[in-house]
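# here is a sequence with its predicted model. Questions after.
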Amino acid sequence: MEVLRDLGVSGQTLQRWRNQFGVMKADGAKRRRELERENQRLKQVVADQALDIQALKEIGRGTSEPGATPPRGRDVRAVVRAFRALSES
């Protein structure tokens, strides 16, 4: 308890940490942080894919009018990048 006092950590905070992390060892805490980082990365991948799908739908909408021809020579990736830039601003 003396260490807690030196660090300015209350007994309630220690109890909350124990409830949250249990008796997790250093390896377990490290693994948890790794999983949280991976989860965040995967969420970003899903968000990027959703933007790509939305951009492709927008591109497709432009060619669905009667008599319209698909844009030739356009790089779809460039269009997706442009769409992302517009949606982020």
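Arrived safely, thanks for sending.
# next, name the residue at the spatial heart of the chain.
residue 44 (2.8 Å; C-alpha atoms, centre = their mean).
# element containing that one, please.
Element membership of residue 44 [criterion: DSSP states H and E] is helix 26-62.
# now do the buried residues in that helix.
55, 59 (16 or more other C-beta atoms under 10 Å). Using the backbone N, CA and C atoms, a C-beta is placed for each residue, glycine as well.
# residue 83: what's it in contact with?
Taking C-beta atoms under 8 Å, 6 or more residues apart in numbering as the criterion, residue 83 is in contact with 51, 54-55, 58.
# among these, which one sits closest to residue 80?
For those, the residue nearest residue 80 by C-beta to C-beta is residue 55; the value is 4.5 Å.
# please name the nearest non-neighbouring residue to the closest one.
residue 83 (3.7 Å; C-beta to C-beta, 6 or more residues apart in numbering).
# now the two most distant members of the contacts of residue 83.
51 and 58 (10.5 Å).
# ok, the residue nearest to the centre of the chain to residue 14 distance?
Using C-beta to C-beta, to the nearest Å, one gets 34 Å for the distance from residue 44 to residue 14.
# and the residue nearest to the centre of the chain, what's its pLDDT?
Per-residue pLDDT puts residue 44 at 93.
# how about the one 10 residues further on?
Per-residue pLDDT puts residue 54 at 85.
# with residue 68 instead?
The per-residue pLDDT reported for residue 68 equals 56.
# equivalent analysis for residue 63, please.
We have a pLDDT of 56 for residue 63.
# okay, the angle between the strand or helix carrying residue 17 and helix 26-62?
According to DSSP H and E, residue 17 maps onto helix 11-21. On the basis of axes from the mean of the first three to the mean of the last three C-alpha atoms, to 10 degrees, helix 11-21 is oriented at 70 degrees to helix 26-62.
# figure out how far the worst-scoring helix or strand of the chain on mean pLDDT is from the centre of its chain.
Using mean pLDDT, DSSP states H and E, helix 76-88 stands out as the lowest-scoring helix or strand of the chain, at a mean of 72. Helix 76-88 sits 18 Å away from the centroid of its parent chain (C-alpha atoms, centre = their mean, to the nearest Å).
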